[in-house]
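Student: could you look at this predicted model? Sequence included:
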Amino acid sequence: MLGHYVDNLDLETLTQILDYSSDEIFVLDGDMKIIYVNDACKKHYGLTKEEVIGKRSNELVEEGYWTPSIFPEVFEKKEPISVVQTTILGAELLTSAIPILNERQEVELVVTTAREIQSYKMLKTKDDLPTPSEEENDQSTNIITNNEKMKNILKLSKKVATTNSNILILGESGTGKGMLAQYIHEHSLRKNGPFLTVNCAAIPAELIESELFGYTPGAFTNASRSGKTGLLEAADGGTLFLDEIGEMPASLQAKMLQFIQEKRFIPIGGHKERKVDVRILSATNRNLDEMVKNQTFREDLFYRLNVVDIKMPSLRERREDIIPITYHFLYKLNRMYEVNKLISEDCLELLSHYSWPGNIRQLENLVERMVITSDDVIDVYDVPERIYTESKNGLEQTPSSLNEAVELTKKELVQRSYKLHKSSRAVASDLEISQTQASKLIRKYCHGD
């Protein structure tokens, strides 16, 4: 009976069956070109089948979609091989590749299957599984994106990383400014030096100077007898990332400016200058232009920090990244809590229509909540009611035409920019349009005229 159905399966039906597999199925031809992959590639790499099929496997390896590559060894040894791989989204896969040889004993096809290691937890212990080497586990920062604007930002970041220029990273809270700073450091000539971060908003104003510049023994009451090395000295030969630079006290800004200009400083209570080689990266979600005009941030320091400025887009502006980033956090949290939660397509669709005012940080917190509170499969009913309601409204308001989509996008951009900047001139600069056009759009979308 089963044979009858198999004999009558057409290609479309067979493809649908393979797409229901929770395991990834990957087929290469003799030139290492990908000729088939099932839908599991979406949750492992954040790519659709159409984006994968036709590419050579080494292209995806070079772009960091998985490591290590199994295929060179399979083609060399011409025998089945299994390895543990890590994907760009953070999935850990037990991957097996089987070569199919022709009559001349040449590799004609390679059929590969990959299963998430987390799904083995109830069957095997970690000791039973092959593990990557420490070097393979020590991966550099991966910024997950299929968004063209974000890809251009990464290209620019790699270009400026090789210089010693100071870089100012702008963007809303939670957009990943700190991760971009680390990405720049890892692509710089200083990558083997330290990368240290100081959050100017998290340290009390009276302590931040000693954190940055350090102090000598007995410099002030309750000072350590041995003194303290500041972060500027500790970061010598590397990079210091000043997060929330807009919160730096005015009293410290002049001293920071002097250090940036001269690369020299005197610790608190000291008399001898110290010279260090440190690159400064900084970030803020505040409008430093307005702060300079209001004289709450030094203009000369602003220009010193802002040799190159990079603006991180909000998650709303890179909606194609919401689902891949969701999977990235799901893999990470499954390992953290030693579970193997799945997520439904309906839930992913719902999340992709939410506005994400807290950006990537908010998404990570939500995924953690859902992993903790859900059953085996995270579904729409595991989403908090407020987010569920707004997302559902977004789904129902999905534009039905290109003109409607353009109008909704224009409205969202103008309203967000006006809420942030409060002036037509600033909106015009932010959206790269004329001030006349900005004023007209503000009246239309923000004042109801």
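Tutor: Structure received.

Student: show me where the stretch 301-449 of the chain has strands.
Tutor: Ranges of strands in the stretch 301-449 of the chain, per DSSP state E, counting those that start in this stretch, are 308-311, 342-343, 377-378.

Student: mind giving me the domain split of the chain?
Tutor: When the chain is parsed with automatic domain parsing, its domains come out as 2-137, 149-311, 315-396, 402-445.

Student: kindly provide the whole-number mean pLDDT of the second one.
Tutor: Just to be clear, that refers to domain 149-311. The average pLDDT within domain 149-311 is 91.

Student: distance from the chain centre to that domain, please.
Tutor: Put simply, domain 149-311 sits 22 Å off its chain's centre (CA atoms, centre = their mean, to the nearest Å).

Student: and G30, backbone torsions?
Tutor: For G30, the backbone dihedrals (degrees, to the nearest 10) come out as phi -70, psi -10.

Student: quick one, what contacts it?
Tutor: Applying CB atoms under 8 Å, 6 or more residues apart in numbering to G30 gives the contacts 106-109. C-betas here are computed from N, CA, C, even on glycine.

Student: which among the residues you listed end up buried?
Tutor: Buried members of these, scored by 16 or more other CB atoms under 10 Å, are V107.

Student: surely I310 and N166 touch.
Tutor: No. Judged on CB atoms under 8 Å, I310 makes no contact with N166 at a distance of 11.7 Å.

Student: rewinding a little: deepest-packed of the strands of the stretch 301-449 of the chain, please.
Tutor: strand 342-343 (a mean of 19; mean count of other CB atoms under 10 Å).

Student: need the contact partners of it.
Tutor: So strand 342-343 is contacted by 326-327, 330, 370, 376-378 (CB under 8 Å, 6+ apart).

Student: and for stretch 310-319?
Tutor: 145, 147, 149-150, 153, 156-157, 167-172, 174-177, 180, 321-322, 325, 352, 355-356, 359-360, 363, 412, 416.

Student: quick check: end-to-end length of stretch 86-104?
Tutor: End-to-end distance for stretch 86-104, by CA to CA, to the nearest Å: 34 Å.

Student: same deal with stretch 314-322?
Tutor: First-to-last residue span, stretch 314-322, CA to CA: 11 Å.

Student: quick check: buried residues in that stretch?
Tutor: Here stretch 314-322 shows 314-318, 321-322 as buried, counting by 16+ other CB under 10 Å.

Student: now that stretch: how far from the chain's centre is it?
Tutor: 11 Å.

Student: measure stretch 74-86 end to end?
Tutor: 18 Å.

Student: may I see the buried residues of it?
Tutor: Quick answer for stretch 74-86 (16+ other CB under 10 Å): 74-75, 81, 83-86.

Student: check stretch 200-207 too.
Tutor: Those would be 200, 203, for stretch 200-207 by 16+ other CB under 10 Å.

Student: returning to what we had before: list buried residues within the contacts of stretch 310-319.
Tutor: Buried, going by 16+ other CB under 10 Å: 145, 147, 150, 153, 157, 167-172, 174-177, 180, 321-322, 325, 352, 356, 359-360, 363, 416, out of the contacts of stretch 310-319.

Student: which of these fall in helices?
Tutor: If you go by DSSP state H, those have 150, 153, 157, 177, 180, 322, 325, 359-360, 363, 416 in helices.

Student: save those residues as a markdown table, and put in distance to Q253 too.
Tutor: A markdown table is the format used below for these (distance: CB to CB, whole Å):
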| residue | distance to Q253 |
| --- | --- |
| M150 | 31 |
| I153 | 27 |
| S157 | 26 |
| K177 | 20 |
| L180 | 23 |
| I322 | 38 |
| I325 | 35 |
| N359 | 27 |
| I360 | 29 |
| L363 | 34 |
| R416 | 29 |
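
Student: of those, closest to L301?
Tutor: Each of those was checked against L301 using CB to CB; the closest is K177, at 18.4 Å.

Student: the closest one against L242, yeah?
Tutor: No. Look at K177 against L242 with CB under 8 Å: they stay out of range, at 11.0 Å.

Student: can you pull out the helices in the stretch 1-150 of the chain?
Tutor: For the stretch 1-150 of the chain, the helices defined by DSSP state H, counting those that start in this stretch occupy 2-7, 11-19, 40-45, 49-52, 57-62, 71-77, 134-137, 148-161.
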